[in-house]
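Engineer: Have a look at this prediction, sequence included:
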Amino acid sequence: MGIGRKLARHRVSSMGENMIERIMEIIRTRFSDYRLTVDELATEAKISVSHLRELTCDALGRPPQWLIETVRLEEALKMIAETNGNLYAICKNVGYASQKAFRKAFRKRIGITPSIYREQVACAKLREIVIDKYMEVLHAKTGEKFR
């Protein structure tokens, strides 16, 4: 479930909702900076760390570190699936200071390593290509139009 949908499920004042939107904007803008921490996020949002935690836990049921990690991992999933970039470069591009930290967070939250995810995505893409090819072959032999 996306973070926006989670926000809709919880009761938050409009002021709190605006602050959550601001916090998410900061995270989406700065996720690639490995120096973005909960303290940095609070400073940039101009609120205390305890208020930041209270806001995110009340609005989304999750602490701010979870939000930062979620945005980073969402971007990593996209980059791994859509590019051939090496995993070290991707880990740096999504804000992890080390490949070990990236791999650990990825495995903990996604359930598999980034390299296994890449293999599964490649297999799925190949499967689509193969199916499309043989559907075209099938329809070419019968004279039907494909899709």
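Structural biologist: Now that the structure is in, tell me what you want to look at.
Engineer: for the lengthiest helix in the chain, packing partners?
Structural biologist: As assigned by DSSP state H, the longest helix anywhere in the chain is helix 114-142. Applying 3 or more Cβ pairs under 8 Å, 6 or more residues apart in numbering; DSSP states H and E, one finds that helix 114-142 makes contact with helix 64-82, helix 87-93, helix 99-110. C-betas here are computed from N, CA, C, even on glycine.
Engineer: Minimum distance to Leu138: which of those helices has it?
Structural biologist: Nearest to Leu138, of all these, is helix 64-82, at 28.0 Å by Cβ to Cβ.
Engineer: quick one: contacts of the closest one?
Structural biologist: 3, 23-24, 27-28, 31-32, 36-38, 41-42, 52-53, 56, 60, 62, 85, 87, 90-91, 93-96, 102, 105-106, 109-110, 114, 117-118, 121 (Cβ atoms under 8 Å, 6 or more residues apart in numbering).
Engineer: List buried residues within those.
Structural biologist: Those of these that meet the buried threshold are 3, 23-24, 27, 31, 36, 38, 41-42, 52-53, 56, 60, 87, 90-91, 93-96, 102, 105-106, 114, 117-118, by 16 or more other Cβ atoms under 10 Å.
Engineer: The strand or helix carrying Asp58 vs helix 64-82, what angle?
Structural biologist: Take DSSP states H and E as the rule and Asp58 turns out to sit in helix 49-60. Put simply, helix 49-60 runs at 60 degrees to helix 64-82, going by axes from the mean of the first three to the mean of the last three Cα atoms, to 10 degrees.
Engineer: Determine how far helix 49-60 lies from the middle of the whole chain.
Structural biologist: Its chain's C-alpha centre and that of helix 49-60 lie 20 Å apart, by Cα atoms, centre = their mean, to the nearest Å.
Engineer: cool, and stretch 132-139?
Structural biologist: The answer for stretch 132-139 is 34 Å, by Cα atoms, centre = their mean.
Engineer: Sketch out the low-pLDDT regions of the protein for me.
Structural biologist: 1-15, 141-147 (pLDDT under 70).
Engineer: 90 instead, please
Structural biologist: 1-17, 125-147 (pLDDT under 90).
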